[in-house]
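**Student:** A predicted structure for the sequence below; I have some questions about it.
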Amino acid sequence: MRGVALALHRSDLLPEPTAQLARWLRAATDQRNPEPTGMTLATVDPEGRPATRVVLLKDLAPEGLVFFTNYGSEKARHLDHNPWCAINFFWPETDRQAGFRGRAAKTARAESEAYFASRPRDHQIGAWTSEQSRPVADRSALEARQAAVEARFADREIPCPPHWGGFRIEPYEAWFWQRRPGRLHDRFRYTMLPDRTWRIERLNP
């Protein structure tokens, strides 16, 4: 599909943006995108300065989009101060982008624990090892902490760390973009209305 410009019409769009996102994620997966759930998360620090990083979408429902992280990380600290954020997906294989703006809140502890239990063991060890976003003296210090974690949990299940869990971003706005020739791309915006239905309108590219 790469290099083939597809049209995006109003009639192509589902009434709810997370359902539309699920459809485009399936298309990106079918086109062998190496990381279709990778999304750029934008936050702001207490001084209003922006920061971005790529996180992985782990759950998708009308209630919102979920990712997991260390609650001591920079992004988590930003969201604790200001929960308003934005995310962006880009799939070059299908010449598409999508974005959401919304408010993030921590997932229920049971939800975080359930997802943590499904992770590979080395990922679980990494969650206990890394003081994410904090300075570390050198690689050997990090590896020493990892060895200590491995010894601590040898021959037993690894529980979800108290400092680790999910955020759910509840969207109030979303947009979908499809490449077209001559830079006259197709672009549509979803806006949540007071009755929690969605208005969909075409935007200039």
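**Tutor:** Perfect, thanks for sending it.

**Student:** who does the longest strand along the chain touch, helix- and strand-wise?
**Tutor:** For the chain, the strand that runs over the most residues, judged by DSSP state E, is strand 164-178. Secondary-structure packing of strand 164-178 (3 or more C-beta pairs under 8 Å, 6 or more residues apart in numbering; DSSP states H and E): helix 17-30, strand 64-70, strand 96-106, helix 109-118, strand 186-192. C-beta: built from backbone N, CA, C; applies to glycine.

**Student:** need the nearest residue in space to the residue nearest to the spatial centre of the chain, chain neighbours excluded.
**Tutor:** Against the mean C-alpha coordinate of the chain, by C-alpha atoms, centre = their mean, the closest residue is residue 57 at 4.0 Å. Nearest residue to residue 57, sequence neighbours excluded (C-beta to C-beta, 6 or more residues apart in numbering): residue 37, at 4.1 Å.

**Student:** buried stuff in stretch 12-19?
**Tutor:** By neighbour count with 16 or more other C-beta atoms under 10 Å, stretch 12-19 contains the buried residues 13, 16, 17, 18.

**Student:** distance to residue 117 and pLDDT added to those residues, as JSON lines?
**Tutor:** Formatted as JSON lines, the buried residues of stretch 12-19 follow (distance: C-beta to C-beta, whole Å; pLDDT from 0 to 100):
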{"residue": "13", "distance to residue 117": "36", "pLDDT": "97"}
{"residue": "16", "distance to residue 117": "30", "pLDDT": "98"}
{"residue": "17", "distance to residue 117": "30", "pLDDT": "98"}
{"residue": "18", "distance to residue 117": "25", "pLDDT": "98"}
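
**Student:** redo those as TSV? Include distance to residue 100.
**Tutor:** As requested, the buried residues of stretch 12-19 are exported to TSV (distance: C-beta to C-beta, whole Å):
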residue	distance to residue 100
13	15
16	12
17	7
18	8
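
**Student:** which of those sits closest to residue 133?
**Tutor:** Among the buried residues of stretch 12-19, residue 18 lies closest to residue 133 (C-beta to C-beta), at 28.3 Å.

**Student:** tell me the contacts of that closest one?
**Tutor:** 60, 61, 62, 64, 65, 171, 174 (C-beta atoms under 8 Å, 6 or more residues apart in numbering).

**Student:** show me the contact partners of stretch 99-116.
**Tutor:** Contacts of stretch 99-116 (C-beta under 8 Å, 6+ apart): 17, 21, 58-59, 64-66, 68, 71, 79, 83-89, 124, 127, 159-161, 164-175.

**Student:** list the buried residues in the longest strand of the chain.
**Tutor:** Counting neighbours by 16+ other C-beta under 10 Å, strand 164-178 gives 164-169, 171-172, 174-178 as buried.

**Student:** name the nearest of the residues you listed relative to residue 9.
**Tutor:** Distances from residue 9 to the buried residues of strand 164-178, taken by C-beta to C-beta, are shortest for residue 178, at 9.6 Å.

**Student:** circling back to that earlier point, strand partners (parallel or antiparallel) of the longest strand of the chain?
**Tutor:** strand 64-70 (antiparallel), strand 96-106 (antiparallel), strand 186-192 (antiparallel) (DSSP bridges).
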